[in-house]
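Trainee: Sharing a sequence plus its predicted fold:
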Amino acid sequence: MISIEQARQILEKYQQQHILDYYDELNEHEKKSLLSQIERIDFSLLNALDTDNNSNSEKGKLKPLGAVEADEIAGCADEYFKTGIDAIRNGKVAAVLLAGGQGTRLGFDKPKGMFNIGINRELYIFECLINNLLDVVKKAEAWIPLYIMTSEKNNKDTIAFFEEKNYFGYNSEYICFFVQDMAPSVDFNGKIYMESKSEISISPNGNGGWFSSMVRAGLLKDIKERGIEWINVFAVDNVLQKIADPMFVGAVIQSGLQSGGKVVSKANANERVGVLCLEDDKPSIVEYYEMTDEMRTLLTEDGELAYRFGVILNYLFNVDKLEEICGNKMPVHVVKKKIPYMDENGSTVIPAKPNGYKFETLVLDMVHMQDSCLAYEVLRNKEFAPVKNAEGEDSVATARALLAENGIEL
Ligand code: UTP
């Protein structure tokens, strides 16, 4: 652990000395805890406030990227399936569940995967995902390693839940949890907020650091020992998510491309979804708010939207490439948020409107670090039922309707 002098030096470098304002008042345990927080925080993220190393930096030259489309996939189904299922059976494919988010929009106080989406029976989000993975395990007659990323805030609850539910029938030897890194939250002047005299305000640092967090957790050795070559990364909130989908895996392997991303056709030009395209001839995801009106509405010769393939946070990455890019800097997204904090009187304030910034790196930026990416079109009513909000769009109700449409009893 770092000493108080070392902590002072770090904080001085980043002009955050106020973090130690109450240090002398703390008991020994609190002192240690504060020093260990200072040691673990990546302060260099703060540079994103005043340099170009953030997501607002200029985009390169954008061009549309075609996809292998649903009807074409149907025509090659047998071939893709065979290639994919062989790779899975030979232990070359693993899955990573990104479950470190805070799910603030859903407003559920436990990890999002613990949400019960059932109506007449219990059916948890985690359970839906495990069931989907079990479908593939049955077809492959082989277990698929599943790594689950949590954060310091939800790790204990997540593990306890899986244990209590007996891993929903999955083989626990093939499930491994790891914890992602945290980032500090700052006020609009870049000063880090404190939650109490001994606690720095921190939150999960986005889903972009999943692979480096795995490496730090010592899991690269496990990946290598198991002979894993491909990793399918996916979000916790899509209850229709197909995981380690043999057809997708097979299509990417057969394409000879370095990575793959599942996409759906945009419902209309203004749908708020990031699209997979080319940026300076490399695959890239452009967020809806980064697109000009012209890009949004541009049509192909066939009258379809040129930028029409929206991503659903389901990617297939190659382990060798992941290792190669692991140390590379990723763009930091600086996001305005409501951040609870301790004021100068020592009382906790829960702000009603955004009062500062959080820092996040995003998995979608990893796509631009790949030489190539296969856009693989799936049908949204079969594979895309995200639970983001309590009500309205992408909510519990819309996900339930889609589960029912796909024959899942609720
Ligand atoms: P979202 O962008 O939906 O963020 O995450 P969120 O934190 O879950 O939800 P809101 O925005 O607060 O409502 C997309 C996926 O990335 C994971 C989430 O768990 C989800 O599977 N994620 C997000 C992480 O694993 N870590 C993070 O730091 C952020």
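Mentor: It's in. Residues are numbered from 1 along each chain as shown.
Trainee: Can you list the neighbours in contact with stretch 281-294?
Mentor: By Cβ atoms under 8 Å, 6 or more residues apart in numbering, the residues outside stretch 281-294 that reach it are 59-60, 62-63, 65, 259, 261, 270-279, 295-296, 307, 311, 364-365, 367-368, 370-373. Yep, even glycine has a C-beta here, placed from its N, CA and C like the rest.
Trainee: Now the buried members of the residues you listed.
Mentor: Buried by 16 or more other Cβ atoms under 10 Å: 62, 65, 259, 261, 273-279, 295-296, 307, 311, 364-365, 367-368, 370, 373, out of the contacts of stretch 281-294.
Trainee: now, which of these lie within helices?
Mentor: Judged by DSSP state H, those include 295-296, 364-365, 367 as members of helices.
Trainee: Out of these, which two sit at the greatest distance?
Mentor: By the measure Cβ to Cβ, 296 and 365 form the most distant pair in those, at 20.9 Å.
Trainee: just to revisit the earlier point, which of the ones in helices among the buried ones among the contacts of stretch 281-294 lies at the shortest distance from the ligand?
Mentor: For these, the minimum distance to the ligand (Cβ to the nearest ligand atom) is 9.9 Å, reached by residue 364.
Trainee: With adjacent residues omitted, what lies nearest to that closest one?
Mentor: Spatial nearest neighbour of residue 364, excluding adjacent residues (Cβ to Cβ, 6 or more residues apart in numbering): residue 285 at 4.2 Å.
Trainee: again with residue 325
Mentor: Counting by Cβ to Cβ, 6+ apart, the residue nearest residue 325 is residue 369, at 4.5 Å.
Trainee: Test my guess that that neighbour contacts residue 328.
Mentor: Yes: using Cβ atoms under 8 Å as the test, residue 369 is close enough to residue 328 to be in contact (6.2 Å).
Trainee: So for these two, which sits in the more crowded spot?
Mentor: More neighbours surround residue 369 than the other of residue 369 and residue 328, with 19 against 10 (other Cβ atoms under 10 Å).
Trainee: Let me see the contact set for that one.
Mentor: 321, 325, 328, 330.
Trainee: Nearest to the ligand, out of those: which one, please.
Mentor: Of the contacts of residue 369, the one sitting nearest to the ligand (Cβ to the nearest ligand atom) turns out to be residue 330, at 12.8 Å.
Trainee: In stretch 6-15, which residues are buried?
Mentor: Residues of stretch 6-15 classed as buried by neighbour count (16+ other Cβ under 10 Å): 7-8, 10-11, 14.
Trainee: residues in contact with it?
Mentor: When contacts are defined by Cβ under 8 Å, 6+ apart, stretch 6-15 is touched by residues 2, 17, 19-20, 34-35, 38-39, 43, 46, 190-191.
Trainee: Ramachandran angles for the residue nearest to residue 46 when sequence neighbours are not counted?
Mentor: Leaving aside its sequence neighbours, residue 46 sits nearest to residue 14 (Cβ to Cβ, 6+ apart; 5.7 Å). With angles defined as degrees, to the nearest 10, residue 14 sits at phi -100, psi 10.
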